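Undergrad: Okay, here's the prediction I keep looking at, along with the sequence it came from:
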Amino acid sequence: MSQTIRLTMAQALIHYLSQQYVARDGKENAFFAGVWGIFGHGNVAGIGQALQQYASEIRYYQSRNEQAQVHAAAAYAKHKNRLQTFACTSSIGPGATNMITGAALATVNRLPVLLLPGDIFAERIPAPVLQQIESEHSQDFSANDCFKPISRYWDRINRPEQLVASLPEAMRVLTSPADTGAVTLALPQDVQAEAFDYPTSLFEKRIWTIPRNRPDADLLMKAAEWIRSSKQPIIVAGGGVHYSEANEALRRFVEQTGIPIGETQAGKGALNYDHPLNLGALGVTGTEGANLLAQEADLIIGIGTRYSDFTSASKTAFRNPDVRFININVAEFDAYKHHALPLVGDVRATLAELSQDLGDYHTTSNYQQRAKAYNREWDAEVSRIYNLEHEPMLSQGEVIGMVNSYSQPQDVVLCAAGSLPGDLHKLWRTRSPRGYHLEYGYSCMGYEIAGGMGVAMAAPESDVYVMVGDGSYLMMNSEIVTMVQEGIKATIILIDNHGFASIGGLSKSVGSDGFGTKYRYRTESDHLDGETLPVDFAKNCESLGAHVIHAHDRESLMQALQEAKTIVNRPVCIITETDRRQRVGGYESWWDVPVAEVSENPEVRDARKDYESSKSQERFF
């Protein structure tokens, strides 16, 4: 008979998490770096007690917002190339549903995060309990059922012994390169406190090996044939390059074959910005050279990309009628996109085998010289935008340029939403694989500060520069307090442009003149077109415990960056106002945002004509 140990369900869960490890390429580490949480009546007596009991095995971190703690965990996992993450616990009701946005973000971006929301009573006798959602049709669901469509694995633990079957399944998904994302285990609050005689073998150290799967040999040979027969191939480098730690393999492949690359938001940094065959950003927020070559390409080699509409420019980026696709991806779902020849496997392993099959193949020198010319021309354009000398206030491009120029190669810039991601994608000069951290799969306003905290925890050797607009800042700035509590340093560049500048620009492009996007008083006309709202971001940041610095021109911004460098173990907020009218333009690309088909507004009617013309370029596949 196997040995047992009597534990509550919550104690067994936390003890189990502390014994889970991952290994890849002979390197091993604990999978969970800790547990984020906010306690309420739905988890304080169960998970809370267990975390206190096992404090020496797994560390508890107190957050200020449940959504923010999931963002921090996802950012940490992203920077760790998905080899380490956090669990996140909440009470029932609003505490649990606050985590839904973070869960969706993690799943969209294929980032492992374990969610442990408290739940209603499994025994049902005290029902309805505080914060319970009732239904006259069933007593078998709760608010936590909302996690089902956005979780890669979901379970409700209605009996303590169900952990024995559920926990290994949760770990299988969390550590899967192809299936990872948010995993949710809903924990009824009464069951958390119930005891069971668990087999001691459940709590033995377990190492989950992250495999480097190889693609089918016949498909690999066919892919090599397609590449050898192509005249103008281009690589689309996605986030899978980073997660596979395949940057060096990609560089060798590019230099062997002479195939230029364009980078997605997740793939930026796949090669350093100054590699002569790096065309830079691709798609809606792409560079001129990358988008021109993509339009003409006869072969697209997608490496670790899921082809979001920003990458494919709403399926208008690849315009050659004879274009074909080869996709290298650990996820079969992504490998088959665009009717591609699918190479389902690890990026690094697949590139190594594909390189052998290609032998001495390489693109023509004329094609390579054209790509290199685009690289040089784009670098000159970046320098121009970095040094606009715009007055009376800085442009956003200048702010990006100064932060980029001051930062070190090992430092990290982080952003998520608004106009900043597009400008950063085009303009940031990446000098290391992990120096660029954009959450653009879900483009979630409010991710920035919490995510910056997560990256600072994952990379204590780097300075983290969080670039955030006033809109995102106002949505979620609570984790400044957590950074103060934990002694975590991140430099927050808060750009004040008095509203939602990105959507304001989009509104103008569809003929609506920025309606409802500026932070202004409501006037007698019943529009938000009065004086600018007097928001004092400096006082707000300071009240949360941050070190605050004002910057209003190039000289004061440089001084602020220098001063921020001297601050340790505390977040720094540099606040600077920018001119929202001075924008970085688009370059040979388009994004499908439907315009009203009928309107009394002539600007909208004109925008609709342009929309219909551009939409005619869309491919079906």
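TA: Received, thanks.

Undergrad: longest helix of this protein?
TA: Ranked by number of residues, the top helix in the chain under DSSP state H is helix 365-386.

Undergrad: helix or strand right after it?
TA: Beyond helix 365-386 on the C-terminal side, the first helix or strand identified by DSSP states H and E is helix 396-406.

Undergrad: Not counting that next one itself, show me its contacts.
TA: The list of residues contacting helix 396-406 from outside it, by CB atoms under 8 Å, 6 or more residues apart in numbering, reads 382, 385-390, 413, 419-420, 423-424, 427-429, 465, 467, 493, 495, 497, 554, 557-558, 561-562, 576, 578, 582-584. (Glycine included, C-beta is placed from N, CA and C.)

Undergrad: So which of those residues are in strands?
TA: Counted as lying in strands by DSSP state E, out of the contacts of helix 396-406, are Val413, Tyr465, Met467, Ile493, Ile495, Thr576.

Undergrad: give me the low-pLDDT residue ranges for this structure?
TA: Scanning the chain with the threshold set as pLDDT under 70 gives 1.

Undergrad: And the residue nearest the centre of it?
TA: In the chain, the C-alpha nearest the mean C-alpha coordinate belongs to Glu439, at 2.6 Å (CA atoms, centre = their mean).

Undergrad: Gly397 versus the residue lying closest to that one once chain neighbours are set aside, what's the distance?
TA: Nearest in space to Glu439, with sequence neighbours left out and distances taken as CB to CB, 6 or more residues apart in numbering, is Ala416 at 4.2 Å. In this view, Ala416 and Gly397 are 19 Å apart by CB to CB, to the nearest Å.

Undergrad: Look at the two and report which has more neighbours.
TA: For the pair Ala416 and Gly397, the greater number of neighbours falls to Ala416 (31 against 23), based on other CB atoms under 10 Å.

Undergrad: List the residues that contact the more buried one.
TA: By CB under 8 Å, 6+ apart, Ala416 lies in contact with Leu438, Glu439, Tyr440, Ser443, Cys444, Met445, Gly446, Tyr447, Glu448, Gly451, Ser472.

Undergrad: taking those one by one, which sit in helices?
TA: Among the contacts of Ala416, the residues falling in helices (DSSP H) are Tyr447, Glu448, Gly451, Ser472.

Undergrad: And the longest helix of the chain, what does it pack against?
TA: Judged by 3 or more CB pairs under 8 Å, 6 or more residues apart in numbering; DSSP states H and E, helix 365-386 is in contact with strand 278-281, helix 288-296, helix 396-406, helix 420-427.

Undergrad: still on that earlier bit, tell me which of the contacts of Ala416 is nearest to Tyr76?
TA: Using CB to CB, Gly451 is the member of the contacts of Ala416 that lies nearest Tyr76, at 8.7 Å.

Undergrad: from the ones in helices among the contacts of Ala416, which two are the most distant?
TA: Set against one another by CB to CB, the ones in helices among the contacts of Ala416 have their most distant pair in Gly451 and Ser472, with a gap of 10.6 Å.

Undergrad: just to revisit the earlier point, could the ones in helices among the contacts of Ala416 be laid out in CSV, adding neighbour count?
TA: As requested, the ones in helices among the contacts of Ala416 are arranged in CSV below (neighbours: other CB atoms under 10 Å):
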residue, neighbour count
Tyr447, 33
Glu448, 32
Gly451, 32
Ser472, 25
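
Undergrad: Restrict the helix or strand harbouring Asn327 to CA atoms and write it as PDB.
TA: With elements taken from DSSP H and E, the one containing Asn327 is strand 324-329. As requested, C-alpha coordinates have been extracted for strand 324-329 and formatted as PDB (Å, rounded to 0.1, in the frame of the first residue of the first chain):
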ATOM      1  CA  ARG A 324       3.300  30.300 -51.300                       C
ATOM      2  CA  PHE A 325       3.800  29.900 -47.600                       C
ATOM      3  CA  ILE A 326       6.000  27.700 -45.500                       C
ATOM      4  CA  ASN A 327       5.200  27.900 -41.800                       C
ATOM      5  CA  ILE A 328       7.500  26.600 -39.000                       C
ATOM      6  CA  ASN A 329       5.600  26.400 -35.700                       C
END
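
Undergrad: Pull out the buried positions in it.
TA: For strand 324-329, burial by neighbour count (16 or more other CB atoms under 10 Å) applies to Arg324, Phe325, Ile326, Asn327, Ile328, Asn329.

Undergrad: just to revisit the earlier point, now for the helices and strands packed on helix 365-386, which one comes closest to Leu506?
TA: Of all the helices and strands packed on helix 365-386, helix 420-427 sits nearest to Leu506, with 10.7 Å by CB to CB.

Undergrad: So which residues of the stretch 201-350 of the chain form helices?
TA: Using DSSP state H, counting those that start in this stretch, the helices found in the stretch 201-350 of the chain span residues 217-229, 240-243, 247-257, 288-296, 309-312, 332-335, 347-358.

Undergrad: Ranking those by mean neighbour count, which comes first?
TA: Neighbour counts (mean count of other CB atoms under 10 Å) averaged over each of the helices of the stretch 201-350 of the chain peak at helix 240-243, with a mean of 27.

Undergrad: Would you mind pulling the contact partners of that helix?
TA: Judged by CB under 8 Å, 6+ apart, the contacts made with helix 240-243 from elsewhere in the structure are 81-82, 110, 177, 246-247, 250, 266-267, 269-270, 303-305, 328-330, 347, 433-434.

Undergrad: Filter these down to the buried ones.
TA: Buried by 16+ other CB under 10 Å: 81-82, 110, 177, 246-247, 250, 266-267, 269-270, 303-305, 328-330, 347, 433-434, out of those.

Undergrad: hang on, the earlier thing: which one of the helices and strands packed on helix 365-386 lies closest to Phe196?
TA: With CB to CB as the measure, helix 420-427 is the member of those nearest Phe196 (47.5 Å).

Undergrad: what's the closest one packed up against?
TA: The criterion is 3+ CB pairs under 8 Å, 6+ apart, and the helices and strands that helix 420-427 contacts are strand 278-281, helix 365-386, helix 396-406, strand 412-415, strand 436-438, strand 464-469.

Undergrad: To Ser56, which of those lies closest?
TA: Minimum separation from Ser56 across these (CB to CB) falls at strand 464-469, 28.7 Å.

Undergrad: The closest one pairs with which strands, and in what direction?
TA: strand 412-415 (parallel), strand 491-496 (parallel) (DSSP bridges).

Undergrad: what's the angle from it to helix 396-406?
TA: Computed with axes from the mean of the first three to the mean of the last three CA atoms, to 10 degrees, the direction of strand 464-469 lies at 180 degrees from that of helix 396-406.

Undergrad: And strand 464-469, what's buried?
TA: Of the residues in strand 464-469, those scored as buried under the neighbour-count criterion (16+ other CB under 10 Å) are Val464, Tyr465, Val466, Met467, Val468, Gly469.

Undergrad: Distance from it to the middle of the chain?
TA: Strand 464-469 has its C-alpha centroid displaced from the chain centroid by 14 Å (CA atoms, centre = their mean, to the nearest Å).

Undergrad: again with stretch 73-92
TA: Counting by CA atoms, centre = their mean, stretch 73-92 is centred 12 Å from the centre of its parent chain.

Undergrad: Only C-alpha atoms, please: export that stretch in PDB.
TA: What follows is stretch 73-92 as a C-alpha-only set of coordinates in PDB (Å, rounded to 0.1, in the frame of the first residue of the first chain):
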ATOM      1  CA  ALA A  73       2.700  36.800 -14.300                       C
ATOM      2  CA  ALA A  74       2.300  36.700 -18.100                       C
ATOM      3  CA  ALA A  75       5.000  39.300 -18.600                       C
ATOM      4  CA  TYR A  76       7.400  37.300 -16.400                       C
ATOM      5  CA  ALA A  77       6.600  34.100 -18.300                       C
ATOM      6  CA  LYS A  78       7.200  35.900 -21.700                       C
ATOM      7  CA  HIS A  79      10.600  37.200 -20.600                       C
ATOM      8  CA  LYS A  80      11.500  33.800 -19.300                       C
ATOM      9  CA  ASN A  81      10.700  32.300 -22.700                       C
ATOM     10  CA  ARG A  82       7.800  30.400 -21.000                       C
ATOM     11  CA  LEU A  83      10.100  28.300 -18.900                       C
ATOM     12  CA  GLN A  84       8.900  29.800 -15.600                       C
ATOM     13  CA  THR A  85       5.700  31.500 -14.500                       C
ATOM     14  CA  PHE A  86       3.500  32.400 -11.500                       C
ATOM     15  CA  ALA A  87       0.200  31.100 -10.100                       C
ATOM     16  CA  CYS A  88      -2.500  33.700  -9.300                       C
ATOM     17  CA  THR A  89      -5.100  33.400  -6.600                       C
ATOM     18  CA  SER A  90      -8.300  35.400  -6.000                       C
ATOM     19  CA  SER A  91     -11.500  35.300  -3.900                       C
ATOM     20  CA  ILE A  92     -14.800  34.500  -5.600                       C
END
